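>>> 3D, please:
(2 chains)
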Protein chains: 2
Amino acid sequence: MMRGNLLVGQSGGCTAVINQTLAGVIEEARRQKNIASCLGMRNGIEGVLRNTFVTLDDLTRDDMTRLKNTPSSALGSCRYKITDADCAGILKRFKQKNIRYLLLVGGNDTALTSLTLSEYAQKNNYPLQVIALPKTIDNDLPCMDHTPGYGSNARFIAYTTQEAGKDTEAMRLVDPIKIIEVMGRNSGWLVAAAALGKKSPKDAPHLLYFPERPFDMQSFLADVTAVYEKIGYAVVVMSETVRDKDGRRIGERTEGVTKDRFGHPYVDSVGAILSRAVEAKLGVRARFDKPGTIQRMSMPYISPVDQREAYAVGKKAVQLAVQGKTGVIVTLERVSNDPYRVKTGYVPVGHIAGIEKYLPASFINKKGNFVTKKFIDYARPLVGELPDFIRL
Amino acid sequence: MMRGNLLVGQSGGCTAVINQTLAGVIEEARRQKNIASCLGMRNGIEGVLRNTFVTLDDLTRDDMTRLKNTPSSALGSCRYKITDADCAGILKRFKQKNIRYLLLVGGNDTALTSLTLSEYAQKNNYPLQVIALPKTIDNDLPCMDHTPGYGSNARFIAYTTQEAGKDTEAMRLVDPIKIIEVMGRNSGWLVAAAALGKKSPKDAPHLLYFPERPFDMQSFLADVTAVYEKIGYAVVVMSETVRDKDGRRIGERTEGVTKDRFGHPYVDSVGAILSRAVEAKLGVRARFDKPGTIQRMSMPYISPVDQREAYAVGKKAVQLAVQGKTGVIVTLERVSNDPYRVKTGYVPVGHIAGIEKYLPASFINKKGNFVTKKFIDYARPLVGELPDFIRL
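Residues are numbered from 1 along each chain as shown, chains lettered A, B, ... in the order given. As a prediction, the model looks like this:
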């Protein structure tokens, strides 16, 4: 391969381990003699358009340790869809800076950007190895067992549901109902993870609601009532994006001002709305927790498995690039489940661009309000150790 | 002292270390020859009224380790104000069970219950040593340096604000504003803690709003705008109970159904309301996080200092009881700040019952939107280690 510089960027929502991937890239790039210098773009591909780069060559060993333990995207992120006009400018900049290796860490939109740039470079006879690196808490990318970032966010959800569950159980005479609203875009992988620490019927969570199933208010209230009447409290975990049978998000406003100035619908917190509905139905207090971005940034809850794999993905991407691969995305493939073993691989990035992976039907129970053992078997190895709380 | 049984209960909101206090009580009680048996009441004083007790004598060493690492109130909690009529029934039960030592772990309401029962027993010539043990994430009890439970919740807020701050900084081209809504009843101790990890002006948090200061929407929007225009993003931490100059909570509904069936006002999430107001003003997206009960239950974010002190408070209470004290509450007194050293003490429980301790004026800056160095010096030793994130 031609000797040249490597440029790496991060885009889309942040995770607790995306900087592990960046560290894997930097450290592997230093080992490769065909890579002269390692550069980062600030705020993803927007950094190329704005000409804001940062050199990663002089990060010390101590800096690298800090980088690995810093959540979010240390290079900054973006959500920007490149146009054809952008491509010419980007390629010009690459030539100026002798960029021969382009690594983009992100989700679905980033995969599309990689594809576009890989094809554009080839059409213009510019030798550029473009590798996409998966990253998303949502775990919604196809063609891979799971995505880096998912395990840590899943562990946050599993662990805090056990913890918040102990709170609700202790406070059952005061605030017997809790609703926890979690992320996950259009898929229920994170909601499902809430069940990973559950050992007995009294343990939280008791009910889960996924974006994959239409949400029905009457069934929901009946479900919560049944759990409350049986054990005296109930912990519900749900996706912030649950939708009714007509595809309308719960909390989407239908009266007054319904959209912001960019035309995005105003959506009220589903936890706020449903806790209120439960209070009206049961006449007892319902609380809601919305960990928001905390769930995806938390270092103390991080999954060591996820951390290791995120690093391995970074390393693999550099190796693929110097082997002359382009237009591919790194994947994680499960070799065995017990003991859990994974290896890195790759597929053409076109295979995943624009496709979302939902929870398969076999992972959701018949009533659509809990996971199956099959999901637990799949996800349990991804989150590392979970606590073993006592019940007196 | 007379040989008899010890009864312990937990009430009010849960914390991550209240079971450390319980463990301190159990382990110290086992060492005292005047204490025959150690019993717990389920769900605080309501457990006595309902005659639901649990023996704590047969917890093994392994159980004790698990208990110390289980958040919430392992005995269950309550918020119940005892009546005069209740007192007779309670005393009768104590006589039946030969309860000579009564230990109640809780906040202000629990202190009042201890006082009532201590006085009632004395009036009826029943030898009963009643000791209150402080516990509240809110840190709002007078006559002590701080309360067990505060340090751990404060560490959660300090740490996750640093983390969520990194998210906002990385995502500034997409979601540049973040509002984090935290607990703390009528005082701003937890909001203030958000600033403990801040090292530079770019670090989160940038603005804090306390229940001790009237909240003014126009000043708030001007503050956020100024930060956003200067650095391109802003992280705001605020109390869920901020009030306007007329004492009305932000989010308290004024139209339609304004109260629930018990007459409690409906209050919408302040984070939801203010993020919407910022979006309308600045035309950029604002997110809000509401860690809710997760903040007070989190074990991975626990403060080791808080953990140790909570245990020491449990131990001290048993010692005071067997020394014949009654109607007192255990306190934590700071002996020195550097190195940080604390000792346990006690004051008459009447000194604290019904009194809330607010952030002193010297801990809040002139504009009422941040803390002073004085607060940092006070609170920094309580939370243990905080992370040192990198900025590239």
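
>>> briefly note if the longest helix belonging to chain A comes near chain B.
Longest helix in chain A by number of residues, with DSSP state H as the criterion: helix A:150-170. Yes - contact of helix A:150-170 with chain B (C-beta under 8 Å from any C-beta of the partner chain) involves A:159-160, A:163-164, A:166-170. No exception for glycine: its C-beta is placed from N, CA and C like everyone else's.

>>> so what's A:Ile294 up against?
Neighbouring residues of A:Ile294 by C-beta atoms under 8 Å, 6 or more residues apart in numbering or on different chains: A:156, B:160, B:163-164, B:180, B:289, B:291, B:294.

>>> just the pLDDT for the nearest residue to it once chain neighbours are set aside.
The shortest distance from A:Ile294 to any non-neighbouring residue, by C-beta to C-beta, 6 or more residues apart in numbering or on different chains, is to B:Thr160 (4.8 Å). Note on B:Thr160: pLDDT of 98.

>>> residue contacts, A:Pro205?
A:161, A:165, A:180, A:194-195, A:198, A:235-237.

>>> could those go into a markdown table alongside neighbour count and secondary structure?
Shown next, in a markdown table, are the contacts of A:Pro205 (neighbours: other C-beta atoms under 10 Å in any protein chain shown; DSSP: H, G, I helix; E, B strand; the rest coil):
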| residue | neighbour count | secondary structure |
| --- | --- | --- |
| A:Thr161 | 29 | helix |
| A:Gly165 | 28 | helix |
| A:Ile180 | 29 | strand |
| A:Ala194 | 30 | helix |
| A:Ala195 | 23 | helix |
| A:Lys198 | 21 | coil |
| A:Val235 | 28 | strand |
| A:Val236 | 29 | strand |
| A:Val237 | 31 | strand |
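
>>> returning to what we had before: make CSV out of the contacts of A:Ile294 and add distance to B:Ala36.
Formatted as CSV, these follow (distance: C-beta to C-beta, whole Å):
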residue, distance to B:Ala36
A:Phe156, 44
B:Thr160, 45
B:Glu163, 49
B:Ala164, 50
B:Ile180, 49
B:Asp289, 49
B:Pro291, 43
B:Ile294, 40
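
>>> so which of these comes closest to B:Arg213?
B:Ile180 (17.6 Å; C-beta to C-beta).

>>> I'd say that closest one and B:Gln162 touch.
No - here B:Ile180 lies out of contact with B:Gln162, judged by C-beta atoms under 8 Å, at a distance of 11.2 Å.

>>> tell me who's in contact with the residue nearest to A:Ile294.
A:294, A:297-298, B:180, B:289, B:291, B:295, B:301.

>>> so where's chain A uncertain?
A:1, A:256-257, A:260-264 (pLDDT under 70).

>>> which residues in it form strands?
Counting by DSSP state E, one finds strands in chain A at the ranges A:4-10, A:35-41, A:53-55, A:99-106, A:129-134, A:177-182, A:207-209, A:234-239, A:286-289, A:328-337, A:340-348.

>>> how many neighbours does the residue lying closest to A:Ser269 once chain neighbours are set aside have?
Leaving aside its sequence neighbours, A:Ser269 sits nearest to B:Ala272 (C-beta to C-beta, 6+ apart; 5.5 Å). Residues near B:Ala272, counting by other C-beta atoms under 10 Å in any protein chain shown, number 20.

>>> so B:Ala272 sits against A:Ala272, correct?
Yes - with contact defined as C-beta under 8 Å, B:Ala272 and A:Ala272 form a contacting pair (6.4 Å).

>>> ok, A:Leu386 to B:Val318 distance?
A:Leu386 sits 33 Å away from B:Val318, going by C-beta to C-beta, to the nearest Å.

>>> meant to ask about A:Gly24, not that
Counting by C-beta to C-beta, the gap from A:Gly24 to B:Val318 is 53 Å.

>>> more neighbours: which of the two?
Remark: of A:Gly24 and B:Val318, B:Val318 carries more neighbours, 28 against 25, as counted by other C-beta under 10 Å.

>>> circling back to that earlier point, if you rank the contacts of B:Thr160 by neighbours, which is first?
In terms of neighbour count, A:Met297 stands highest of the contacts of B:Thr160 at 31 neighbours, by other C-beta under 10 Å.

>>> wait, A:Ile179 sits on A:Leu274?
Yes - between A:Ile179 and A:Leu274 there is a contact at 5.5 Å, judged by C-beta under 8 Å.

>>> joint contacts of these two?
With C-beta under 8 Å, 6+ apart, A:Ile179 and A:Leu274 have common neighbours A:236, A:238, A:286, A:288.

>>> residue contacts, the closest residue to A:Gly314 other than its chain neighbours?
Closest residue to A:Gly314 apart from its sequence neighbours, by C-beta to C-beta, 6+ apart: A:Gly24 at 2.4 Å. Residues counted as contacts of A:Gly24 (C-beta under 8 Å, 6+ apart) are A:310-318.

>>> of the strands of chain A, which approaches A:Tyr358 most closely?
It's strand A:234-239; of the strands of chain A, that one is closest to A:Tyr358 (C-beta to C-beta) at 11.5 Å.

>>> can you give me how far the closest one is from the chain middle?
On the basis of C-alpha atoms, centre = their mean, to the nearest Å, strand A:234-239 sits 19 Å off its chain's mean C-alpha point.

>>> give me every residue in the stretch 251-392 of chain A lying close to chain B.
A:260-261, A:266, A:268-269, A:272, A:276, A:279, A:283, A:287-294, A:296-301, A:387-392.
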